[in-house]
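Chemist: Have a look at this prediction, sequence included:
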Amino acid sequence: MKEFFLRYQRQIILDNFGITAQDKLSKAKVLVIGAGGLGCPILQYLVAAGVGNIGIVDHDTVSLNNLQRQILFGQQDIGKNKSITAVEKLKQLNDLVSATAFPEYCNQAFALEQFINYDIIVDATDNFASRYLINDACVLLQKSLVFGAVSKYEGQVAVFNVPGMEPMLSYRDLFPEPPSGDEVISCADAGVLGVIPGIIGTIQATEVIKLITGIGDVLVNQLLTYHALYQRFYTVTLTANPKALHSAPSNVEEFMALNYEVVCS
Amino acid sequence: MDIEILFFGQLTDISGCPSVKIENPGSTEAVKEWLCKQYPGLVGAKFVMALNNQLIVVPQKITEPSIIACMPPFSGG
């Protein structure tokens, strides 16, 4: 108990935080999908802050060109699975936290089986197929979704589908249909400044902590955009989009039948 | 009366600038028409528009000095 107070002392003494918020963090269950540029800072800050139960999903292995922004990993980790390696590093940071590795791809079956075990789902993936799949699963299972994405010198953060905060909007209210292959350039093709996923991931972690503890105003149904070259933040309030109803799967059967890889390619 | 149009993400590569000021054409649909005429690269690009920080899902009239944000989806992580 003494270690608990000492470890979290700097945030426990905060106004509106205290032991109450720290206890909420300790009891929270958060699933982070993607242990890459966004996932690394999200995981580090959530584990450091004392979020009690964290799941990490990533089928991919660490490669040399990841190290420019995926700050949990070192040169000795190249070739190792990201979720398993992340759990090893995070245990060194805080052994009061239970971290579970899922070294697999987040497909529909995984989403339906695992999302129900967590309070908050964090989208830290790097492709539209995963993003639409995760979004649709969160809508079907009524799970809060903390979304983050980056491109070159910019990033986006939004919080969707929070139970009890009507209207429960989703990513499809923003972009009802995934873009086709040539409409958007991927990071692999366009590049990204290493600090951008650091900034965006840290904002995502902040919103997760606020959602759990109930402090401040969460970015629910809002899209925050950040541009590093002009140091500009821009927030847009979202609204229910009638097209979202037509494009999203309305039940588990429709969800399982969707081929996200094809729809998003 | 002028309106300001902000570009985000790869739309900036198409417009060549982060923002532009134009005479108010009267509606968000008219803004989109102007944009596609001025920057033909935008015709095939996927993006949404926000009028004064409010996402637009149906066309809106523009009756006061306003800021229009044009925002594409980002996939990177």
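Modeler: Looks like it came in fine. Here the structure is a predicted model, which means the values were calculated and not measured.
Chemist: can you dump the C-alpha coordinates of stretch A:118-130 into CSV?
Modeler: Included here for stretch A:118-130 are C-alpha records, laid out as CSV according to Å, rounded to 0.1, in the frame of the first residue of the first chain:
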residue,chain,number,x,y,z
TYR,A,118,-12.6,-4.5,-21.4
ASP,A,119,-14.2,-1.1,-20.5
ILE,A,120,-12.5,1.0,-23.2
ILE,A,121,-11.1,0.0,-26.6
VAL,A,122,-8.2,2.1,-28.0
ASP,A,123,-7.6,2.2,-31.8
ALA,A,124,-3.9,2.5,-32.3
THR,A,125,-3.8,0.7,-35.6
ASP,A,126,-2.4,1.8,-38.9
ASN,A,127,-5.0,0.8,-41.6
PHE,A,128,-8.6,1.5,-42.5
ALA,A,129,-9.6,-2.2,-42.5
SER,A,130,-8.8,-2.5,-38.8
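Chemist: Point to the residue nearest the middle of chain B.
Modeler: Geometric centre of chain B, nearest residue: residue B:70, 3.9 Å, by C-alpha atoms, centre = their mean.
Chemist: and it, that's in a strand?
Modeler: Yes: counting by DSSP: H, G, I helix; E, B strand; the rest coil, residue B:70 is part of a strand.
Chemist: ok, what's across the strand from it?
Modeler: Under DSSP bridges, the beta-bridge partners of residue B:70 are residue B:7, residue B:49.
Chemist: now the helices for chain B?
Modeler: Remark: helices assigned in chain B by DSSP state H are B:11-15, B:28-38.
Chemist: Tell me the predicted confidence for the residue nearest to the centre of chain B.
Modeler: Note for residue B:70: predicted pLDDT of 97.
Chemist: For residue A:148, which residues are in contact?
Modeler: Residue A:148 makes contacts with A:38, A:42, A:122-124, A:155-157, A:197, A:200-201, A:203-204, B:77, as judged by C-beta atoms under 8 Å, 6 or more residues apart in numbering or on different chains. The way it works is simple: take the backbone N, C-alpha and C, and place the C-beta from them, glycine included.
Chemist: Check residue A:41 too.
Modeler: A:71, A:197-198, A:201-202, A:205.
Chemist: List, out of those, those positioned next to chain B.
Modeler: Filtering the contacts of residue A:41 for proximity to chain B by C-beta under 8 Å from any C-beta of the partner chain leaves residue A:197.
Chemist: With only the CA atoms kept, save the helix or strand bottoming out on mean pLDDT in chain B in PDB.
Modeler: Between all helices and strands in chain B, the lowest mean by mean pLDDT, DSSP states H and E belongs to helix B:11-15, at a mean of 94. Only the C-alpha atoms of helix B:11-15 are listed here, as PDB (Å, rounded to 0.1, in the frame of the first residue of the first chain):
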ATOM      1  CA  LEU B  11      -5.600  18.100 -49.100                       C
ATOM      2  CA  THR B  12      -2.800  20.600 -48.400                       C
ATOM      3  CA  ASP B  13      -0.600  18.900 -50.900                       C
ATOM      4  CA  ILE B  14      -3.400  19.400 -53.500                       C
ATOM      5  CA  SER B  15      -4.200  23.000 -52.600                       C
END
